[in-house]
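Trainee: sequence plus the predicted model coming up.
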Amino acid sequence: DQQVKQNSPSLSVQEGRISILNCDYTNSMFDYFLWYKKYPAEGPTFLISISSIKDKNEDGRFTVFLNKSAKHLSLHIVPSQPGDSAVYFCAALTGTASKLTFGTGTRLQVTL
Amino acid sequence: KAGVTQTPRYLIKTRGQQVTLSCSPISGHRSVSWYQQTPGQGLQFLFEYFSETQRNKGNFPGRFSGRQFSNSRSEMNVSTLELGDSALYLCASSPTSASREQYFGPGTRLTVT
């Protein structure tokens, strides 16, 4: 039962353009969402998060949007840079539990 | 601050053996969680420790166990290794058990032959 889904396994974007990574969830008890970036042979790196009481959170080039009614969140990267090429995971939390439920990841490739 | 460190980084074991992996959290962090990453199942939560007590546990068999020491360092142990236990084992730390963001170490790549 995949409670957090990233339906696009890969995405290719040109340098300087916007990258949009999508994530859907089914568990309405999730109240906090996070995005992580992962390079091969490294652990995930925390990027940005959003609480369910908000619909947008911005940090530099990264913006996360949350649509609770649609149970959908997205990560926007503007402008995309070659160093952004990695696998991106969305993850969700419930209440005070610390168990992160991860999506399957989207591999982003930023081309020159 | 130094990040989360995990040792060893790579490990090869034989079926039936047991293995212990170690994790040192970020200084001052008291919560440590463990995750398993495999190509088939993705990233899955194993367990979380806070103040030397297991607070949460994922859906893994009893062969997977862990502990946390008074200095917040944590170990996980897998007994009677199976081929399917080959995975990247990731440790994450956070300041408290109620903290939302978790910070990951580089992982230990375990190969079971």
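Mentor: Yep, it's here.

Trainee: ok, now which ones touch the residue of chain B found nearest chain A?
Mentor: Of all residues in chain B, residue B:104 sits closest to chain A, with a separation of 3.4 Å (C-beta to the nearest C-beta). Glycine gets a C-beta too; all of them are placed from N, C-alpha and C. By C-beta atoms under 8 Å, 6 or more residues apart in numbering or on different chains, the contact set of residue B:104 is A:36, A:43-46, B:4, B:35, B:90-92.

Trainee: swap in residue B:95?
Mentor: Listed by C-beta under 8 Å, 6+ apart, the contact set of residue B:95 reads B:28-31.

Trainee: next, the buried residues of stretch A:93-106.
Mentor: Neighbour-count burial for stretch A:93-106, with 16 or more other C-beta atoms under 10 Å in any protein chain shown as criterion, is recorded at A:93-94, A:97-106.

Trainee: just send these back as JSON lines, with pLDDT and distance to residue B:75 too.
Mentor: Putting those into JSON lines (pLDDT from 0 to 100; distance: C-beta to C-beta, whole Å) gives the following:
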{"residue": "A:93", "pLDDT": "93", "distance to residue B:75": "25"}
{"residue": "A:94", "pLDDT": "89", "distance to residue B:75": "27"}
{"residue": "A:97", "pLDDT": "76", "distance to residue B:75": "22"}
{"residue": "A:98", "pLDDT": "82", "distance to residue B:75": "18"}
{"residue": "A:99", "pLDDT": "90", "distance to residue B:75": "19"}
{"residue": "A:100", "pLDDT": "93", "distance to residue B:75": "20"}
{"residue": "A:101", "pLDDT": "95", "distance to residue B:75": "24"}
{"residue": "A:102", "pLDDT": "96", "distance to residue B:75": "23"}
{"residue": "A:103", "pLDDT": "96", "distance to residue B:75": "28"}
{"residue": "A:104", "pLDDT": "93", "distance to residue B:75": "28"}
{"residue": "A:105", "pLDDT": "95", "distance to residue B:75": "27"}
{"residue": "A:106", "pLDDT": "97", "distance to residue B:75": "33"}
